[in-house]
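Colleague: got a structure for you, letters missing:
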């Protein structure tokens, strides 16, 4: 299994390099002219790095959530963070907050996602800790509430800020820029480290609170830590490039087929798989219909779903 | 004599029936699109407009008219309660069911089908005929036609990228009034080849295309929001040569203000093509 993980790392590195030099027009990495240098380093590199970061964050968040909530349908957006992010970004722009320039939407989106996370956490908190079922239901409830508020704003507002925020949220990596990457990297790395450090606890949580407790983990404390990790990763991913479907929901399942259910392997595997899938999807999205582009979220699902179904047909056991 | 009487009777009947066929002058008009509202104002029919959409913001007085909902979601109830003589819709923005439902409710409709610049004058004339404002319509159509010929210029080899939205990058493609205006003033649209009206455009390809001019559609805070994009397009001839300008929304709505949009475009590229005014921005 560790060999498979090593193979995944190697594959991710190759995909990274290919995505950097392939595109609407492939460039030769050994003889770049001025314009090509500019395109590769200022446009493609931040884009590919953002895809890797977002894909990894979503893939890892999916693993944590599905285990923590003991629900195979959990995905990073189930906690309502993306609705909160869009709502806050829309509100921010409508209120005329453009003072942060390029950072305006991402900053508001991040604040919205974190505030929503806090709210969901507050609702999920009982007797000194977080409870998975409560978190799940609170996330769904708050998510619906915020999407409804967003829809309401969209149907009554003629404000451009509204449309701008929604476009941005369903936009994609074409807007990736160096300026956000250091923050995104730091937050996602922090979230991922927490998850990886608590991977054993995550394994035990899958078995139920009682068993986790008897294995020496405090379910409430672990859930709180893991929730923080997911919040950081999902909020950063949403703020880096909006919402991308499929990865958080199905990549953990795909990787479970490949490396098994142990979170210590599954977390990095799902992160690498998610990163790879998003890098490839973005490459295809910007290449197929060039010079027009298609959102990479469409391609992640078009590529990922058939593969997932194929694995499902081939295997007897799930999970 | 009998023949004469028969002829008189025939003429009388004919004239009466013609009178009844002559379009009644609509006194209460509901507009379901901003460009329609603008055209109605330009035709001097302001008093007759009894309902507009929430998107109808020009001229500013239009905002004070009763609202019947948005463009994609007009309220049938609100329209019916205004008892309009005619409702004017567009194929570009209003749902198809609106026309069918209104007709089923015995409310007269007129559908604006023009989507291209060249179709505008004839559309305005047709609208004028329906609204019995033929003379004003003729004047307006003539004004638009003379603007077309005034700003018409032969293609001079310069290429333009017309940005509708900076992030994600959405540009004006072929088949739009913006594209028509670009061709009219003698430029070439970089996004021609996409075949899509408003394609999401590759930033990479925008750099490679080396546009000579970049036009950015106006909107609240657009200058701020375009900074990041322009930074990435810094090596294009347009940004290097300081040929980036912000234009109004004249070309976004196929109404009387397209003249302003064309003039703006023509003046901006003209003044920046070498005239010493330097006040193009």
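Modeller: Sure thing, it's come through. Just so it is clear, the structure is predicted and the values come from calculations on it, not from any experiment.

Colleague: next secondary structure after the helix-or-strand element of chain B with minimal mean pLDDT?
Modeller: Counting by mean pLDDT, DSSP states H and E, the weakest-scoring helix or strand in chain B turns out to be helix B:2-21, with a mean of 60. Using DSSP states H and E, the helix or strand that follows helix B:2-21 towards the C-terminus is strand B:29-31.

Colleague: that following strand near chain A at all?
Modeller: No - using CB under 8 Å from any CB of the partner chain, strand B:29-31 stays clear of chain A, coming no nearer than 15.1 Å. To be clear about C-beta, it is placed using only N, CA and C from the backbone, and glycine gets the same treatment.

Colleague: and that strand, which strands flank it?
Modeller: strand B:49-51 (parallel), strand B:86-90 (parallel) (DSSP bridges).

Colleague: deepest in the core, which of these is it.
Modeller: Ranked by mean neighbour count, these are led by strand B:86-90 with a mean of 24 (mean count of other CB atoms under 10 Å in any protein chain shown).

Colleague: and the contacts of that one?
Modeller: B:26, B:28-33, B:35-36, B:40, B:79, B:98-99, B:102, B:107-113, B:127, B:130-131 (CB atoms under 8 Å, 6 or more residues apart in numbering or on different chains).

Colleague: and if you look at stretch B:261-271?
Modeller: B:147-148, B:151, B:153, B:158, B:160, B:181-182, B:184-185, B:187, B:213, B:215, B:243, B:245, B:247-252, B:277-281.

Colleague: report the rounded mean pLDDT for that stretch.
Modeller: Averaged across stretch B:261-271, pLDDT comes to 84.

Colleague: so which bits of it are buried?
Modeller: B:261-271 (16 or more other CB atoms under 10 Å in any protein chain shown).

Colleague: any idea how far it is from the chain center?
Modeller: 17 Å (CA atoms, centre = their mean, to the nearest Å).

Colleague: and stretch A:298-305, by the same measure?
Modeller: The answer for stretch A:298-305 is 15 Å, by CA atoms, centre = their mean.

Colleague: just stretch A:301-310 next, same as before
Modeller: Distance, centroid of stretch A:301-310 to centroid of chain: 18 Å (CA atoms, centre = their mean).

Colleague: how about it: buried residues?
Modeller: A:301, A:303-304, A:308.

Colleague: quick one: average confidence on it?
Modeller: For stretch A:301-310, the per-residue pLDDT averages 85.

Colleague: list the residues that contact the closest residue to residue A:68 other than its chain neighbours.
Modeller: Distances taken as CB to CB, 6 or more residues apart in numbering or on different chains place residue A:226 nearest to residue A:68, at 5.0 Å, with adjacent residues excluded. When contacts are counted by CB under 8 Å, 6+ apart, residue A:226 touches A:64, A:68, A:194-195, A:198, A:201-202, A:205.

Colleague: closest one of those to chain B?
Modeller: Using CB to the nearest CB, residue A:64 is the member of these that lies nearest chain B, at 29.5 Å.

Colleague: wait, a helix at the closest one?
Modeller: Yes - under DSSP: H, G, I helix; E, B strand; the rest coil, residue A:64 falls within a helix.

Colleague: what's the local residue count around it?
Modeller: Residues near residue A:64, counting by other CB atoms under 10 Å in any protein chain shown, number 33.

Colleague: pLDDT score assigned to residue 52?
Modeller: Using chain A here. 96.

Colleague: wrong one, chain B
Modeller: So residue B:52 comes in at 95 (pLDDT).

Colleague: pLDDT weak spots in the chain?
Modeller: Since no chain was named, I'll use chain A. The model of chain A has pLDDT under 70 over residues A:96-102, A:158-161, A:171, A:316-319.

Colleague: think we crossed wires, I meant chain B
Modeller: In chain B, residues with pLDDT under 70: B:1-23, B:220, B:271-281.

Colleague: what strands flank the longest strand along it, and is each parallel or antiparallel?
Modeller: Counting residues, the longest strand found in chain B (DSSP state E) is strand B:159-165. As defined by DSSP bridges, the strand partners of strand B:159-165 come to strand B:170-171 (antiparallel), strand B:188-189 (parallel), strand B:213-217 (parallel).
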